[in-house]
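K.L.:
turn this into a structure:
(3 chains)
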Amino acid sequence: MDYLYAFLIGGAICVIAQVLIDKTKLAPAKIVVLFVTMGVLLTSVGVYQPLVEFAGAGATVPITGFGYSLAKGVENAVRQNGWLGIFTGGFTASAGGVAAAVFFGYIFSLISNPKMK
Amino acid sequence: MSINKSNYDEYVKKKTPNSPILKNCIKAFFVGGAICVIGQAITDLCIMLGAGMTEVKIITPIILIFLGSLLTGLGVYDKLGKHAGGGSIIPITGFANSIVSSAMEFKKEGYVMGVGAKMFTIAGPVIVYGVVASMIYGFIYWIVNIVF
Amino acid sequence: MAKKVGDRTLEFSERINVISYGNVVGKFEGEGPLKSCFDIIVNDEYFGEKTYEKAETKMQQTALNSALQKGLLKISDLNLIASGDLLNQCISSSYSVRDNDVPFIGLYGACSTMALSVIVASMSVECGYSQYAAGVTSSHFCSAERQFRQPLEYGGQRTPSAQRTVTASAALIVGKKKTNITVKRIAIGSVIDFLVTDANNMGAAMAPAAVDTVVHYFNDTGTKPQDYDMILSGDLGAVGASIFRDMAAEKGYDMQNIYNDCGLMIFDNKKQDTHAGGSGCGCSGAVLTGYVLPRLASGELKNVLFMSTGALMSTTASQQGESIPAVAHLINFTGE
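P.N.:
Numbering: from 1, shown residues only, chains lettered A, B, ... in the order given. Presented below is the predicted three-dimensional model:
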């Protein structure tokens, strides 16, 4: 069942993005920004946490899940360290993903070249 | 009706074919859903291998980012994106694609000003807005829960 | 002497001739419907160079050399090279001529550059500056993508109205020596902006400029579409070409099947999945030198209107919310 819910919710989030791409003609980069911000917002009002519990990877793998982990990270850090947590929480929670993206970006730029389409 | 500057926008909208939105949405749904299922499988596999919940939350995105990067390096992710659109842009693999594709593209301008500086041309805004939004939330959370 | 006709058109009274022409295209263009028309098809998108910018520079040199060879000319026979491309500061053009020791005018007309460069070259011959002058232009899919759009490996989607930048360079040499193709008239367009802001719909942005230029030309010369064998626009694509037909008809000029667009000829949009068609300086250049001029030379065509169209925006202007101004320049080629 976990897999079905992950598939349905993850797919649905992508469909919302697709509708925005086709209807608004916004650049995909702007839609991704919108989604990450929405992820933070929905987490802050308590909507995203239940979605994560329900759909698992279906809610954490889309970029809204990146917003969710940033918001959750800040929340935990503020609880532990007070106001300093506002500054440290987000990056602490997302450190693994961001570092991986930077590292792999660098590695692949060394070994691979863009190709004509 | 004569076509002029003031009614041109409206006229162009009529003349321009729309994106095949239904077809695009179906493809986005299946590809996006499939990537999430892969994410779920990685999570379950890690747990089976004895990783704790905290580690899994870090390992899963790292593996997905690796896969997105690999497919970009192999020149496959853009072909997927051409069909899947939102289905491959929105998952965390798309975030990796935007970073790796920029790094590869601008290698010609050098490893510092090219790869180093241009790596975040597309993905940078995501981090900026994610971090700023989460800090605003953190500030409110601090005021509401800690100060009072 | 050349004679000014009306307010936009200059008539050379059959004194300026097309001496020779050459082109080179990329692999993808070489798989299109016009594949048999091109001088050279290059499979390597780097053209043996290290970067796409260097590749585009080499393409311009190759196209010009091809034209020189066919015209039995040496580079030193040229008194002027007028060329332009899409890259910032027109580097493909200026870098390609830096070892030539030939007077050079760098032009920016976006995708209108083929017509623009031939107009400048023809005028320089007419006024006595040049014995032989060349008009050259180029565009490269990969160098254009990285400057104007996204990294090649980025997984974005393109809208149905988007066009694909053609990888091609074309060169045309004009002079007073008698040949059977003449640059009879030219018309210089003004910049027209119908407030289109969608950079994925450049055909719509450029169509009003094309209509403006062609209508001025018809008024100036007292001619009509039926007087020509073929009327060609540069790279309006499917959307722009259809708008062009509508707007021209509304002004009283029914194009019927005399009209076509280079952006629709160079690719098979369905088979090659090129959405609305081709674009870029090389698009109209390759079709002119590969398809139109050979048919004028053979006598299959006798009287052609060739109009390159350019969208004059930059990424900076687009990000600042500016609309897309456009220009179209026209040349009337005649054969015997």
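K.L.:
rest of the way, CA atoms for contacts and neighbours
P.N.:
Will do.
K.L.:
and the pLDDT at the residue in chain C that chain B sits nearest to?
P.N.:
Minimum separation of chain C from chain B (Cα to the nearest Cα) falls at C:Gly155, amounting to 3.7 Å. We note a pLDDT of 90 for C:Gly155 in this prediction.
K.L.:
kindly report the same for the one 5 residues further on.
P.N.:
You'll see C:Pro160 listed with a pLDDT of 92.
K.L.:
count of residues packed around it?
P.N.:
Here the number of neighbours of C:Pro160 (other Cα atoms under 10 Å in any protein chain shown) works out to 20.
K.L.:
what are the phi and psi values for it?
P.N.:
When quoted as degrees, to the nearest 10, the phi and psi of C:Pro160 stand at phi -60, psi -20.
K.L.:
and stretch B:67-80, anywhere near chain C?
P.N.:
Yes - part of stretch B:67-80 sits close enough to chain C to count as contact by Cα under 8 Å from any Cα of the partner chain, namely B:Thr72, B:Gly73, B:Gly75, B:Val76, B:Tyr77, B:Asp78, B:Lys79, B:Leu80.
K.L.:
what residues does chain B put near chain C?
P.N.:
Within chain B, the residues that sit near chain C (Cα under 8 Å from any Cα) are B:2-6, B:8-9, B:12, B:15-19, B:72-73, B:75-83, B:85, B:88-89, B:94, B:97-98, B:101-102, B:105, B:108.
K.L.:
cool, and chain A?
P.N.:
A:Asp22, A:Pro28, A:Pro114, A:Lys115, A:Met116, A:Lys117.
K.L.:
please check those and keep the buried ones.
P.N.:
A:Asp22, A:Pro28, A:Pro114 (16 or more other Cα atoms under 10 Å in any protein chain shown).
K.L.:
so who does residue 41 touch?
P.N.:
Going with chain A. Neighbour list for A:Leu41: B:Ala133, B:Tyr137 [criterion: Cα atoms under 8 Å, 6 or more residues apart in numbering or on different chains].
K.L.:
switch to chain C, that's the one I care about
P.N.:
With contacts defined as Cα under 8 Å, 6+ apart, C:Ile41 is in contact with C:Val24, C:Val25, C:Gly26, C:Lys27, C:Gly30.
K.L.:
and the pLDDT for the closest residue to chain C within chain A?
P.N.:
Per Cα to the nearest Cα, A:Pro114 is where chain A lies closest to chain C, at 6.1 Å. Each residue has a pLDDT score; the one for A:Pro114 is 91.
K.L.:
before we move on, what about C:Ala2?
P.N.:
According to the per-residue confidence, C:Ala2 scores 89 in pLDDT.
K.L.:
how about it, nearest residue that isn't a chain neighbour?
P.N.:
With Cα to Cα, 6 or more residues apart in numbering or on different chains as the measure, C:Phe12 is the residue that lies nearest to C:Ala2, at 4.5 Å, once sequence neighbours are left out.
K.L.:
would you confirm that the one you found contacts C:Lys176?
P.N.:
No - no contact is recorded between C:Phe12 and C:Lys176 when judged using Cα atoms under 8 Å, the distance being 10.9 Å.
K.L.:
need the contact list for the residue of chain C most remote from its centre.
P.N.:
Distance to the chain centre peaks in chain C at C:Gly155, reaching 29.9 Å (criterion: Cα atoms, centre = their mean). C:Gly155 sits next to B:Tyr77, B:Asp78, B:Lys79, B:Leu80, B:Gly81, B:Lys82, B:Gly85, B:Ser88, B:Ile89, B:Gly94, B:Asn97, B:Ser98 when contact means Cα under 8 Å, 6+ apart.
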